[in-house]
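1. need a structure here:
(chains A and B)
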Protein chains: 2
Amino acid sequence: MTSNAAPDEFSLIDRIIARLGDAAATSILVPPGDDAAAWAPANPGVIATTDVLTEGIDWRADTMSYEDVGWRSIAANVSDIAAMGATPEILLVAAVLGDSLTPEELDAAIDGMAAACREHNVRIAGGDISRGDCTAFAVTALGSARIDRAGRALVLRRDTARVGEIVAVSGSPGAARAGLAVVDAKRTHEPAAEPLLAALRRPVARVDVGLAAVLRGVQCGIDISDGLAQDLGHVAKRSNVGIEIDLERLPLHIHAMAMFGIDAARNYAISGGDDYELALIGRGDIIESLGLPLTVIGRVVADHPGSAVVLRADGRTYEPPPGWDQIRMQPWSSA
Amino acid sequence: MTSNAAPDEFSLIDRIIARLGDAAATSILVPPGDDAAAWAPANPGVIATTDVLTEGIDWRADTMSYEDVGWRSIAANVSDIAAMGATPEILLVAAVLGDSLTPEELDAAIDGMAAACREHNVRIAGGDISRGDCTAFAVTALGSARIDRAGRALVLRRDTARVGEIVAVSGSPGAARAGLAVVDAKRTHEPAAEPLLAALRRPVARVDVGLAAVLRGVQCGIDISDGLAQDLGHVAKRSNVGIEIDLERLPLHIHAMAMFGIDAARNYAISGGDDYELALIGRGDIIESLGLPLTVIGRVVADHPGSAVVLRADGRTYEPPPGWDQIRMQPWSSA
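-> Below is the predicted model:
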C-alpha cells in the first residue's frame, strides 16, 4: 500500500506493525504488508470515514502527548462510525512525519493508537508513511451495517430528522472543552481536573449507543465532535427542519461546573468541540426506552428550518460566545 | 466525517463536492456529507488501501501541476487495488492544506482527482480537510473481491509466489522515471517526450490486468510503483523464494531508449518508481494465455530466497545504480 517509500520506510512500517502488537489486524483475509488489506465485513453495508489530525491545528503540544494524539486519531474515526450506528472493524493509518518528529514521539503515537484500538475493539489493517514539513495522521475507519430488504442501509443519517421527534445526547457535552480550559488555566493538578482531561485526551466513542439506537429503529444521529449546536445545525440543515435545544436540560459535566461555573460549563456544552458523544433524533417513546446514558435536550420543530437554536427557560434564544474556535488557526478562505 | 472543521471548512467541503461533479459518489447508500459514507460493495471481500502524497517528497512543483498531483493521488491508490486483482469502487480523500496553497491550486487538484476518477470508473465518497504547514493528500481506495468457499479472498498477494512460476510485467516499466529525466533535462518540448511525461503525470492503473489474472487463477502480483526490482524483492521476501529477472527481456519504453539510450532506459525500468504497472507471478501457461499487454521477464527459483536479482545474458548479476532515490529527501532514520 506504500508508494515511493524509501527502503528505510519499509523497515519503519515493519517496526510499526510489530509495535502495534494485537492492534494490528493480522487475522483478516489479507493482513498488513500487501498492496492492500482484504477483509470480510460483518454486514453487507460498508461504512467508511476518514479524518486527518494535523499538528498545530488539531492538537497542540501543550495540551496532549503524542500518545494522546494517537488515541484521538483512532477515537475520532471510530466515533464517525458510531455516529452511523454501525460496527467499527478495521482502520488504515496514513502518517506524514514532520522533520521535527522524533522516533520516540512516533512510538508514543503508535502506542496511543494501539491502546485506542483495544478500547474500541478495532484493528489496524494497513497504512502508509511519508515525510513532510508537518506531522499529520490521516486515519480511515471502516465498519459495517445491515441493509434492509429495500436495499437501504440501517444507519443513523443526518437527513432523517422529522418534526415532532425529540433530541437526546449521550454523556456530558463540553467535557473535552473544559479539559482544554483546565490546561489553559494551568489547573491540571486539581482533583476535579482528571475526568475533564481524560475527556480531552482519551475520549471513547459511543459505539454501543449508536448500535442500540439503530437496532430500535432510530434513523437520525450525529456525533457532536464539532460542538453540539453546530452539529445539530447540520442535522437541521440536511433534514430541512428546525431544532430547539433547552438550555436548562443540558447534562453539564459536574466537574466542569465545579471548576468553571455553570455559565462556562453551558457554553462548553453548546459550542465546545471534540466530545465524541452522540446526538440521537427520533420518536420520544423509542429514545426514552433505549436505557442508555442519554438525556433528552430538545425537539424537532417546523419553525426556522435549517437552524438549531438554544432556548432559555423563558423562551428567548440563547447565543453562546465563540468557544472552541479560539484555538484554531485562521480558517482557510477560498477566493 | 469531519472533526473540528471550522464553519468555513464546511463551505469548502460543499464546494469541493460540487466541483467533483459526477466524480462524487452521490448514488451510494449514504453519499458524502454524513458522518461516514455507506456503500454496498460488489463482492463480499472488501479491499482497502491508503496512500499519502506530500509536497516536496512525493511531488515537486517543477515536475507536475496540481491537476497532475490530484490525478496521481487517485491513480496511486487505485493501482494498489488493481495490484490485488480487485475492483476499485470508492475513495475517501483527507487533505492537509498548506498555508501557501492557493484556492486555484486546490481547485486544480480536485479537477485532477475528478478526471482520474472518471478514467478509472471510481467515485469519491467522502473526505476531510485540515490545515497544516505542508500540503498533503491522503487518499483511501476501497474495492471488492470474491471470496471462495473456503473463505479465501480471490486476490493477488505478495506471499504466494512458488518456485517454477514465471514473472511477467505489464507495459513498459521505467516510463515515469524517464518522464522525470525529461523534466530534469529540460527536454519537455521534444516530440518523444510526450508519452514519458504522460506516464509521470497521468498514469493509469492496470485494473483490467489484475482482474483478468485473478479470473484465470493467478494468485501472486504486485504493482511496481516503488520500482520493479524493489517490488519483486518484496514478493521474494514475503514468499520466501528467489526471483530472477532477465535484463535482456525488460520491455523498455521505446521513447525512453530514444531519448536517453538503452543503459539509462534499463536502469529506469529496474529501479525507477511511480510506474503503475503490475508484475504477475504464476504458471507459465496461464500467464502466457492471458492475452494482455504482458511481457515475461523472469522466473521464481529456489536459490537466494528473499531476493530478486537482475541477470545479464551471461548469467552475471546486474546492479543498477541508485535511480529514483536521488530525488528523495533524507529517509527518516529510526533510533
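
2. what separates the nearest residue to residue A:319 once chain neighbours are set aside from residue A:233, distance-wise?
-> Leaving aside its chain neighbours, residue A:319 sits nearest to residue A:310 (7.7 Å; criterion: Cβ to Cβ, 6 or more residues apart in numbering or on different chains). Heads up, the C-betas are built off the backbone N, CA and C, glycines and all. Applying Cβ to Cβ, to the nearest Å, the value for residue A:310 to residue A:233 is 11 Å.

3. who has more neighbours, those two?
-> Between residue A:310 and residue A:233, counting by other Cβ atoms under 10 Å in any protein chain shown, residue A:310 is the more crowded of the two (23 against 19).

4. just the CA coordinates of the helix or strand containing that one, formatted as PDB?
-> Residue A:310 is part of strand A:308-311, with elements assigned from DSSP states H and E. Output of strand A:308-311 as PDB, limited to C-alpha atoms (Å, rounded to 0.1, in the frame of the first residue of the first chain):
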ATOM      1  CA  ALA A 308     -30.600  24.600  15.600                       C
ATOM      2  CA  VAL A 309     -31.300  27.100  18.300                       C
ATOM      3  CA  VAL A 310     -30.800  27.000  22.100                       C
ATOM      4  CA  LEU A 311     -33.700  28.300  24.100                       C
END
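
5. what about the following helix or strand past it, distance to the chain center?
-> Going down the chain from strand A:308-311, the next helix or strand is strand A:317-318, by DSSP H and E. Mean-position distance between strand A:317-318 and its chain equals 26 Å (Cα atoms, centre = their mean, to the nearest Å).

6. Mind listing the strands strand A:317-318 pairs with, and their directions?
-> Looking at strand A:317-318 with DSSP bridges, its partner strands are strand A:308-311 (antiparallel).

7. Contacts for the strand it pairs with next, please.
-> Under the contact criterion Cβ atoms under 8 Å, 6 or more residues apart in numbering or on different chains, strand A:308-311 has outside partners A:229, A:232-233, A:235-236, A:242-247, A:270, A:317-320.

8. and it, how far from the chain's centre?
-> Using Cα atoms, centre = their mean, the offset of strand A:308-311 from its chain centre is 22 Å.

9. Equivalent analysis for stretch A:135-151, please.
-> Here stretch A:135-151 is found 14 Å from its chain centre; the criterion is Cα atoms, centre = their mean.

10. Return the set of buried residues in that stretch.
-> Residues A:135-147 are the ones in stretch A:135-151 that count as buried (16 or more other Cβ atoms under 10 Å in any protein chain shown).

11. out of the residues you listed, who's near chain B?
-> A:136, A:138, A:140, A:141, A:142, A:143, A:145, A:147 (Cβ under 8 Å from any Cβ of the partner chain).

12. Which single one of those is nearest to chain B?
-> Set against chain B, the nearest of those by Cβ to the nearest Cβ is residue A:138 (3.4 Å).

13. Run through the bridge partners of the nearest residue to that closest one once chain neighbours are set aside.
-> Computed as Cβ to Cβ, 6+ apart, the closest residue to residue A:138 that is not its neighbour in sequence is residue B:138, at 3.4 Å. In this structure, residue B:138 bridges to residue B:52, residue B:94 when assessed by DSSP bridges.

14. my guess is residue B:138 contacts residue A:50, does it?
-> Yes - at 7.3 Å, residue B:138 counts as touching residue A:50 under the criterion of Cβ atoms under 8 Å.

15. Could you pull up the contacting residues of the residue nearest to residue A:138?
-> Applying Cβ under 8 Å, 6+ apart, we find residue B:138 in contact with A:50, A:52, A:94, A:96, A:128, A:136, A:138, B:50-53, B:93-96.

16. just these now: which is nearest residue B:121?
-> The nearest member of these to residue B:121, counting by Cβ to Cβ, is residue B:93 at 17.0 Å.

17. Find the residue closest to that closest one in space, skipping its chain neighbours.
-> residue B:127 (4.0 Å).

18. hang on, the one you found in a helix?
-> No - counting by DSSP: H, G, I helix; E, B strand; the rest coil, residue B:127 falls outside a helix, being strand.

19. mind listing what it touches?
-> A:50, B:1, B:13, B:16, B:32, B:92, B:93, B:94, B:95.

20. Give the next helix or strand downstream of the host helix or strand of residue A:287.
-> Using DSSP H and E, residue A:287 maps to helix A:284-288. As assigned by DSSP H and E, the chain's next helix or strand after helix A:284-288 is strand A:294-301.

21. contacting residues around that following strand?
-> Identification of contacts with strand A:294-301 by Cβ under 8 Å, 6+ apart yields A:161-170, A:209, A:232, A:239, A:241-246, A:249-251, A:280-281, A:284, A:287-288.

22. One more pass at 6 Å, please.
-> Outside strand A:294-301, the residues that touch it by Cβ atoms under 6 Å, 6 or more residues apart in numbering or on different chains are A:161, A:163, A:165-170, A:241-246, A:249-251.

23. Could you give me the buried positions within it?
-> Residues of strand A:294-301 classed as buried: A:294, A:296, A:297, A:298, A:299, A:300, A:301 (neighbour count, 16+ other Cβ under 10 Å).

24. Same check on stretch A:311-318?
-> Buried-residue list, stretch A:311-318, by 16+ other Cβ under 10 Å: A:311, A:318.

25. Rounded mean pLDDT for that stretch, please.
-> Averaging pLDDT along stretch A:311-318 gives 95.

26. first to last residue in it, what's the distance?
-> 6 Å (Cα to Cα, to the nearest Å).

27. how does chain A divide into domains?
-> Per automatic domain parsing, the domain ranges recorded for chain A read A:10-145, A:166-325.

28. Indicate which one of the ones you listed is closest to residue B:111.
-> domain A:10-145 (20.5 Å).

29. for the record, mean pLDDT for that closest one?
-> Per-residue pLDDT values over domain A:10-145 give a mean of 94.

30. For that domain, measure first residue to last.
-> End-to-end distance of domain A:10-145: 34 Å, with Cα to Cα as the criterion.

31. OK, contacts around the residue nearest to residue A:42 when sequence neighbours are not counted?
-> Excluding its sequence neighbours, the residue lying closest to residue A:42 (Cβ to Cβ, 6+ apart) is residue A:144, at 5.0 Å. Residues in contact with residue A:144 (Cβ under 6 Å, 6+ apart) are A:41, A:42, A:43, A:46, A:87.

32. Please consider this matter closed, and thank you.
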